[in-house]
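Visitor: Sequence plus predicted model, see below.
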Amino acid sequence: MSIKESIIQNYISSINWKRDDWKISEIKEDLKKSLGEAPSVVVNWKKDVMINEVSGSAEEIKVPEYVQIVFTDLDDKIKKLQYRLTV
């Protein structure tokens with residue numbers, strides 16, 4: 001594992017994905033400061049619908065499923081890391 005991979009892994013594991021206080025733009029900016037480049041950050045969402053049996057209303061629930069980060073490593077090769085999120 002390279003230094004940049006280690007930085008990314010430590011940063012991603014420090015985020016509380018269950019809360020709604022994180023933003024992709026903040027993740028990019030924080031990683032840009034640490035890596036010296038702005039990586040590509042993609043979050044894939046899992047959607048589900050919850051129906052309230054009493055009121056009959058439906059509520060859409062979106063939960064982050066995985067995050068994918070693309071960056072240039074120290075050997076000038078483009079690498080893609082994907083982390084499955086357990087929320």
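Guide: Everything's here; your move. Residues are numbered from 1 along each chain as shown.
Visitor: thought Glu59 was touching Lys47?
Guide: No. At 11.3 Å, Glu59 does not count as touching Lys47 under the criterion of Cβ atoms under 8 Å. Bear in mind the C-beta positions are built from the backbone N, C-alpha and C, glycine included.
Visitor: Asn81 - nearest residue in space that isn't next to it in sequence?
Guide: If you look again at residue 81, you'll see it is Leu, not Asn. The shortest distance from Leu81 to any non-neighbouring residue, by Cβ to Cβ, 6 or more residues apart in numbering, is to Ile69 (4.9 Å).
Visitor: what secondary structure does the one you found sit in?
Guide: Assigned with DSSP: H, G, I helix; E, B strand; the rest coil, Ile69 falls in the strand class.
Visitor: Let me know whether it touches Pro39 as I believe.
Guide: Yes. Ile69 is within contact range of Pro39, at 5.2 Å (criterion: Cβ under 8 Å).
Visitor: residue ranges of the helices in this protein, please?
Guide: Secondary structure of the chain (DSSP state H): helices at 3-14, 24-35.
Visitor: Name the residues of the last one that come out as buried.
Guide: Pointing back at helix 24-35 there. Within helix 24-35, the residues that qualify as buried are Ile27, Leu31, Leu35, counting by 16 or more other Cβ atoms under 10 Å.
Visitor: Equivalent analysis for the first one, please.
Guide: Along helix 3-14, the positions that meet the burial threshold by neighbour count (16+ other Cβ under 10 Å) are Lys4, Ile8, Ile12.
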